[in-house]
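K.L.:
dropping the sequence and predicted coords here.
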Amino acid sequence: MAVQPANNPVAYLNGQYLPLEEARISPMDRGFLFGDGVYEVIPCYNGKLFRLEQHIQRLIRSLDAIQLPSPHSLSEWCDLLDGLVLRNDSGHQSLYVQVTRGAPPLRDHRFPTDCPATVFVLSQTLEDPDARSLDAEAGIRCISTTDIRWDRCDIKAVSLLANVLLRHEARLAGCDEAILVRDGFVMEGSTSNVFIVRQGAILTPPLGPAILGGITRDLIIELANRHGLPLQEVAIPVAQLEQADEVWISSSTRGARPVVMLDGKPVGDGRPGALWRRMAEYYAALRRELMGVGHF
Ligand SMILES: Cc1ncc(COP(=O)(O)O)c(C=O)c1O
(Lines give C-alpha, C1' and ligand atoms only; values in the text may rest on other atoms or scores of the structure.)
Protein backbone atom coordinates (compact mmCIF):
# COMPACT_ATOMS: atom_id res chain seq x y z
CA MET A 1 0.00 0.00 0.00
CA ALA A 2 1.45 3.38 -1.01
CA VAL A 3 1.70 5.93 1.82
CA GLN A 4 1.17 9.54 0.77
CA PRO A 5 3.12 12.43 2.29
CA ALA A 6 1.10 14.98 4.29
CA ASN A 7 1.17 17.59 1.50
CA ASN A 8 -0.52 15.17 -0.88
CA PRO A 9 -3.09 13.43 1.31
CA VAL A 10 -5.18 10.44 0.40
CA ALA A 11 -8.91 10.96 0.85
CA TYR A 12 -11.81 8.53 0.89
CA LEU A 13 -14.84 9.09 -1.34
CA ASN A 14 -17.73 6.66 -1.78
CA GLY A 15 -15.80 3.40 -1.47
CA GLN A 16 -12.49 4.56 -2.94
CA TYR A 17 -9.21 5.80 -1.49
CA LEU A 18 -7.71 8.37 -3.83
CA PRO A 19 -5.44 11.42 -3.84
CA LEU A 20 -7.43 14.38 -2.47
CA GLU A 21 -6.80 16.39 -5.63
CA GLU A 22 -8.59 13.71 -7.66
CA ALA A 23 -11.72 13.60 -5.47
CA ARG A 24 -14.79 15.00 -7.26
CA ILE A 25 -18.25 15.63 -5.84
CA SER A 26 -21.30 16.53 -7.93
CA PRO A 27 -22.65 20.09 -7.67
CA MET A 28 -26.01 18.36 -7.14
CA ASP A 29 -24.77 16.98 -3.84
CA ARG A 30 -27.22 17.95 -1.12
CA GLY A 31 -24.34 18.79 1.18
CA PHE A 32 -23.38 21.53 -1.30
CA LEU A 33 -26.92 22.66 -2.16
CA PHE A 34 -28.61 22.48 1.24
CA GLY A 35 -25.95 21.75 3.86
CA ASP A 36 -27.92 18.49 4.18
CA GLY A 37 -25.43 16.30 5.97
CA VAL A 38 -23.47 15.65 9.14
CA TYR A 39 -19.81 15.34 10.03
CA GLU A 40 -17.18 14.32 12.57
CA VAL A 41 -13.62 15.39 13.31
CA ILE A 42 -11.48 12.66 14.84
CA PRO A 43 -7.92 13.19 16.07
CA CYS A 44 -5.29 10.57 15.37
CA TYR A 45 -2.04 10.38 17.34
CA ASN A 46 0.83 8.12 16.31
CA GLY A 47 -1.44 6.45 13.79
CA LYS A 48 -4.13 5.65 16.39
CA LEU A 49 -7.55 7.24 16.23
CA PHE A 50 -8.40 8.74 19.61
CA ARG A 51 -11.85 7.87 21.03
CA LEU A 52 -12.83 6.41 17.67
CA GLU A 53 -15.88 4.48 18.85
CA GLN A 54 -17.29 7.52 20.64
CA HIS A 55 -16.92 9.61 17.48
CA ILE A 56 -18.58 6.97 15.30
CA GLN A 57 -21.40 6.57 17.80
CA ARG A 58 -21.97 10.33 17.70
CA LEU A 59 -21.87 10.26 13.87
CA ILE A 60 -24.53 7.54 13.88
CA ARG A 61 -26.62 9.60 16.35
CA SER A 62 -26.33 12.68 14.08
CA LEU A 63 -27.36 10.56 11.07
CA ASP A 64 -30.36 9.19 13.00
CA ALA A 65 -31.33 12.75 13.94
CA ILE A 66 -31.48 13.79 10.28
CA GLN A 67 -33.19 10.52 9.28
CA LEU A 68 -30.32 9.40 7.07
CA PRO A 69 -29.55 5.68 7.49
CA SER A 70 -25.87 5.15 8.30
CA PRO A 71 -24.18 3.78 5.18
CA HIS A 72 -21.87 1.70 7.42
CA SER A 73 -21.94 -0.25 10.67
CA LEU A 74 -19.69 0.75 13.56
CA SER A 75 -17.07 -1.84 12.64
CA GLU A 76 -17.18 -0.91 8.92
CA TRP A 77 -16.65 2.74 9.86
CA CYS A 78 -13.67 1.80 12.02
CA ASP A 79 -12.08 -0.29 9.22
CA LEU A 80 -12.69 2.45 6.64
CA LEU A 81 -11.09 5.15 8.80
CA ASP A 82 -8.17 2.97 9.92
CA GLY A 83 -7.60 2.26 6.22
CA LEU A 84 -7.31 5.98 5.50
CA VAL A 85 -4.93 6.59 8.42
CA LEU A 86 -2.66 3.83 7.12
CA ARG A 87 -2.57 5.39 3.66
CA ASN A 88 -1.52 8.79 4.99
CA ASP A 89 1.88 9.79 6.15
CA SER A 90 2.92 10.46 9.73
CA GLY A 91 1.28 9.78 13.05
CA HIS A 92 -0.64 12.92 13.86
CA GLN A 93 -3.60 13.79 11.70
CA SER A 94 -7.25 14.66 12.05
CA LEU A 95 -9.90 12.93 10.01
CA TYR A 96 -12.85 14.96 8.78
CA VAL A 97 -15.76 12.63 7.99
CA GLN A 98 -18.75 14.00 6.08
CA VAL A 99 -21.93 12.14 5.14
CA THR A 100 -24.58 13.86 3.03
CA ARG A 101 -27.94 12.83 1.62
CA GLY A 102 -26.34 12.21 -1.77
CA ALA A 103 -26.58 13.79 -5.22
CA PRO A 104 -30.01 13.19 -6.80
CA PRO A 105 -30.71 14.48 -10.35
CA LEU A 106 -33.09 17.26 -9.19
CA ARG A 107 -32.71 20.07 -6.67
CA ASP A 108 -35.70 19.46 -4.45
CA HIS A 109 -36.06 20.06 -0.71
CA ARG A 110 -37.88 16.74 -0.28
CA PHE A 111 -35.72 13.77 0.74
CA PRO A 112 -34.64 11.89 -2.42
CA THR A 113 -35.57 8.24 -2.81
CA ASP A 114 -33.02 5.64 -3.93
CA CYS A 115 -30.09 8.01 -3.69
CA PRO A 116 -26.92 6.70 -2.00
CA ALA A 117 -25.37 8.91 0.67
CA THR A 118 -22.10 10.65 -0.15
CA VAL A 119 -19.29 9.63 2.21
CA PHE A 120 -16.16 11.76 2.16
CA VAL A 121 -13.20 11.56 4.53
CA LEU A 122 -10.29 13.97 4.55
CA SER A 123 -7.01 13.63 6.45
CA GLN A 124 -5.31 16.81 7.64
CA THR A 125 -2.06 17.14 9.52
CA LEU A 126 -2.54 17.69 13.23
CA GLU A 127 -0.12 19.67 15.34
CA ASP A 128 2.14 17.43 17.42
CA PRO A 129 0.62 17.55 20.93
CA ASP A 130 4.20 17.48 22.32
CA ALA A 131 5.22 20.56 20.34
CA ARG A 132 3.90 23.02 22.94
CA SER A 133 4.68 22.33 26.62
CA LEU A 134 2.02 23.10 29.22
CA ASP A 135 4.40 25.68 30.73
CA ALA A 136 4.46 27.51 27.42
CA GLU A 137 0.64 27.68 27.17
CA ALA A 138 -0.22 31.38 27.00
CA GLY A 139 -3.97 30.84 26.74
CA ILE A 140 -6.45 32.21 24.25
CA ARG A 141 -8.71 35.25 23.94
CA CYS A 142 -12.46 35.04 23.51
CA ILE A 143 -15.44 37.25 23.01
CA SER A 144 -18.89 36.48 24.33
CA THR A 145 -21.71 37.02 21.88
CA THR A 146 -25.33 36.14 21.13
CA ASP A 147 -25.90 32.60 19.92
CA ILE A 148 -27.53 33.03 16.51
CA ARG A 149 -27.67 29.30 15.67
CA TRP A 150 -30.71 27.03 15.29
CA ASP A 151 -32.43 24.84 17.90
CA ARG A 152 -30.66 21.53 17.12
CA CYS A 153 -27.03 22.29 17.91
CA ASP A 154 -26.76 18.75 19.32
CA ILE A 155 -26.63 17.51 15.69
CA LYS A 156 -23.16 17.84 14.20
CA ALA A 157 -24.57 19.27 10.97
CA VAL A 158 -22.45 20.51 8.07
CA SER A 159 -24.61 23.64 7.77
CA LEU A 160 -22.25 25.79 9.82
CA LEU A 161 -22.94 29.28 8.47
CA ALA A 162 -23.84 30.71 11.88
CA ASN A 163 -20.72 29.15 13.47
CA VAL A 164 -18.59 30.56 10.64
CA LEU A 165 -20.02 34.07 11.16
CA LEU A 166 -19.52 33.84 14.93
CA ARG A 167 -15.95 32.67 14.61
CA HIS A 168 -15.31 35.53 12.19
CA GLU A 169 -16.79 37.98 14.69
CA ALA A 170 -14.24 36.70 17.24
CA ARG A 171 -11.46 37.08 14.72
CA LEU A 172 -12.41 40.66 13.90
CA ALA A 173 -12.10 41.39 17.62
CA GLY A 174 -8.58 39.88 17.60
CA CYS A 175 -9.80 36.76 19.43
CA ASP A 176 -9.64 33.02 18.88
CA GLU A 177 -13.12 31.91 19.80
CA ALA A 178 -16.65 33.18 20.44
CA ILE A 179 -18.46 31.99 23.56
CA LEU A 180 -22.16 31.85 22.81
CA VAL A 181 -24.87 33.15 25.09
CA ARG A 182 -28.56 32.32 24.73
CA ASP A 183 -31.26 33.88 26.94
CA GLY A 184 -28.63 35.01 29.43
CA PHE A 185 -26.93 31.60 29.75
CA VAL A 186 -23.62 30.29 28.42
CA MET A 187 -24.03 27.55 25.81
CA GLU A 188 -20.70 26.64 24.18
CA GLY A 189 -18.08 28.07 21.84
CA SER A 190 -18.59 28.46 18.08
CA THR A 191 -16.33 25.40 17.64
CA SER A 192 -15.91 24.11 21.20
CA ASN A 193 -17.51 23.38 24.58
CA VAL A 194 -17.05 25.70 27.54
CA PHE A 195 -16.05 25.15 31.18
CA ILE A 196 -15.68 27.68 33.97
CA VAL A 197 -14.13 27.43 37.42
CA ARG A 198 -16.11 29.09 40.21
CA GLN A 199 -15.57 28.70 43.95
CA GLY A 200 -13.19 25.79 43.36
CA ALA A 201 -15.63 23.79 41.20
CA ILE A 202 -15.58 23.15 37.47
CA LEU A 203 -18.91 23.95 35.80
CA THR A 204 -20.10 23.19 32.28
CA PRO A 205 -23.53 23.70 30.70
CA PRO A 206 -25.74 20.58 30.68
CA LEU A 207 -26.39 18.64 27.48
CA GLY A 208 -29.52 19.51 25.51
CA PRO A 209 -30.55 20.54 22.01
CA ALA A 210 -28.68 23.87 22.28
CA ILE A 211 -25.16 22.41 22.52
CA LEU A 212 -23.06 19.69 20.95
CA GLY A 213 -22.19 16.78 23.23
CA GLY A 214 -18.42 17.12 22.75
CA ILE A 215 -16.25 14.01 22.94
CA THR A 216 -13.61 16.11 24.72
CA ARG A 217 -16.28 17.46 27.09
CA ASP A 218 -17.13 13.84 28.03
CA LEU A 219 -13.46 13.07 28.50
CA ILE A 220 -12.95 16.07 30.79
CA ILE A 221 -15.95 15.01 32.89
CA GLU A 222 -14.55 11.46 33.02
CA LEU A 223 -11.10 12.71 34.08
CA ALA A 224 -12.57 15.03 36.73
CA ASN A 225 -14.52 12.10 38.20
CA ARG A 226 -11.53 9.78 38.06
CA HIS A 227 -9.25 12.27 39.83
CA GLY A 228 -11.79 13.60 42.33
CA LEU A 229 -12.09 17.14 40.92
CA PRO A 230 -15.53 18.64 41.61
CA LEU A 231 -17.41 19.10 38.35
CA GLN A 232 -21.06 19.96 37.81
CA GLU A 233 -23.15 20.09 34.68
CA VAL A 234 -25.26 23.16 35.42
CA ALA A 235 -26.73 26.16 33.64
CA ILE A 236 -24.20 29.03 33.75
CA PRO A 237 -25.63 32.58 33.82
CA VAL A 238 -23.49 34.99 31.82
CA ALA A 239 -22.59 36.90 35.02
CA GLN A 240 -20.81 33.75 36.29
CA LEU A 241 -18.82 33.58 33.08
CA GLU A 242 -17.77 37.22 33.52
CA GLN A 243 -16.68 36.59 37.14
CA ALA A 244 -15.16 33.13 36.64
CA ASP A 245 -11.75 32.32 38.13
CA GLU A 246 -10.97 30.24 35.06
CA VAL A 247 -12.58 29.67 31.67
CA TRP A 248 -11.63 26.81 29.32
CA ILE A 249 -12.77 25.68 25.92
CA SER A 250 -12.49 22.11 24.67
CA SER A 251 -12.49 20.30 21.35
CA SER A 252 -11.01 17.17 19.83
CA THR A 253 -8.22 18.89 17.91
CA ARG A 254 -7.33 21.40 20.68
CA GLY A 255 -7.97 19.44 23.88
CA ALA A 256 -8.65 21.79 26.82
CA ARG A 257 -7.37 25.34 26.28
CA PRO A 258 -7.40 28.05 28.93
CA VAL A 259 -9.09 31.37 28.14
CA VAL A 260 -7.06 34.24 29.61
CA MET A 261 -8.96 37.19 28.16
CA LEU A 262 -12.71 37.54 27.74
CA ASP A 263 -14.24 40.60 26.05
CA GLY A 264 -10.97 42.47 26.56
CA LYS A 265 -10.79 41.75 30.33
CA PRO A 266 -8.45 39.27 32.02
CA VAL A 267 -9.95 36.01 33.26
CA GLY A 268 -8.78 35.49 36.87
CA ASP A 269 -5.21 36.77 37.03
CA GLY A 270 -4.94 36.71 33.23
CA ARG A 271 -2.90 33.50 33.17
CA PRO A 272 -3.86 29.85 32.64
CA GLY A 273 -5.40 28.63 35.90
CA ALA A 274 -4.33 25.87 38.30
CA LEU A 275 -7.32 23.62 37.65
CA TRP A 276 -6.85 23.91 33.89
CA ARG A 277 -3.24 22.88 34.44
CA ARG A 278 -4.23 19.78 36.40
CA MET A 279 -6.83 18.81 33.81
CA ALA A 280 -4.36 19.32 30.95
CA GLU A 281 -1.85 17.08 32.74
CA TYR A 282 -4.45 14.33 33.23
CA TYR A 283 -5.46 14.67 29.60
CA ALA A 284 -1.87 14.47 28.33
CA ALA A 285 -1.15 11.49 30.61
CA LEU A 286 -4.17 9.62 29.27
CA ARG A 287 -3.20 10.34 25.68
CA ARG A 288 0.34 9.22 26.39
CA GLU A 289 -0.91 6.02 28.04
CA LEU A 290 -3.21 5.18 25.14
CA MET A 291 -1.27 6.55 22.21
CA GLY A 292 2.32 6.92 23.26
CA VAL A 293 2.29 10.72 23.03
CA GLY A 294 1.85 13.40 25.68
CA HIS A 295 3.80 15.91 27.69
CA PHE A 296 6.57 15.34 30.27
C1 LIG B 1 -20.13 23.77 18.21
C2 LIG B 1 -19.15 22.79 18.79
N3 LIG B 1 -19.27 22.45 20.08
C4 LIG B 1 -18.40 21.58 20.65
C5 LIG B 1 -17.34 21.04 19.94
C6 LIG B 1 -16.38 20.11 20.62
O7 LIG B 1 -16.65 18.77 20.26
P8 LIG B 1 -15.51 17.67 20.30
O9 LIG B 1 -14.90 17.69 21.66
O10 LIG B 1 -16.25 16.40 20.03
O11 LIG B 1 -14.53 18.00 19.24
C12 LIG B 1 -17.20 21.35 18.59
C13 LIG B 1 -16.10 20.77 17.81
O14 LIG B 1 -15.90 21.01 16.68
C15 LIG B 1 -18.13 22.25 18.00
O16 LIG B 1 -18.03 22.59 16.70
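P.N.:
Structure's in. What do you need?
K.L.:
tell me where the stretch 151-296 of the chain has strands.
P.N.:
177-182, 185-189, 193-198, 201-204, 231-233, 246-251, 255-262, 265-266 (DSSP state E, counting those that start in this stretch).
K.L.:
need the ones you listed in CSV with mean neighbour count, mean pLDDT and distance to the ligand, can you?
P.N.:
(Each C-beta comes from the backbone N, C-alpha and C, glycine too.) Shown next, in CSV, are these (neighbours: other C-beta atoms under 10 Å; pLDDT from 0 to 100; distance: least, C-beta to the nearest ligand atom, whole Å):
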stretch, mean neighbour count, mean pLDDT, distance to the ligand
strand 177-182, 23, 98, 8
strand 185-189, 23, 98, 5
strand 193-198, 24, 98, 5
strand 201-204, 20, 98, 11
strand 231-233, 15, 98, 14
strand 246-251, 25, 98, 4
strand 255-262, 22, 97, 9
strand 265-266, 10, 98, 24
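K.L.:
what does the stretch 1-150 of the chain have sitting close to the ligand?
P.N.:
Contact residues (C-beta under 6 Å from any ligand atom) of the stretch 1-150 of the chain with the ligand: residue 41.
K.L.:
dump the strands of the stretch 151-296 of the chain to a markdown table, plus distance to residue 84.
P.N.:
Below are the strands of the stretch 151-296 of the chain laid out as a markdown table (distance: least, C-beta to C-beta, whole Å):
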| stretch | distance to residue 84 |
| --- | --- |
| strand 177-182 | 28 |
| strand 185-189 | 28 |
| strand 193-198 | 26 |
| strand 201-204 | 32 |
| strand 231-233 | 34 |
| strand 246-251 | 21 |
| strand 255-262 | 22 |
| strand 265-266 | 42 |
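K.L.:
which stretch among the ones you listed comes nearest residue 65?
P.N.:
strand 185-189 (17.3 Å; C-beta to C-beta).
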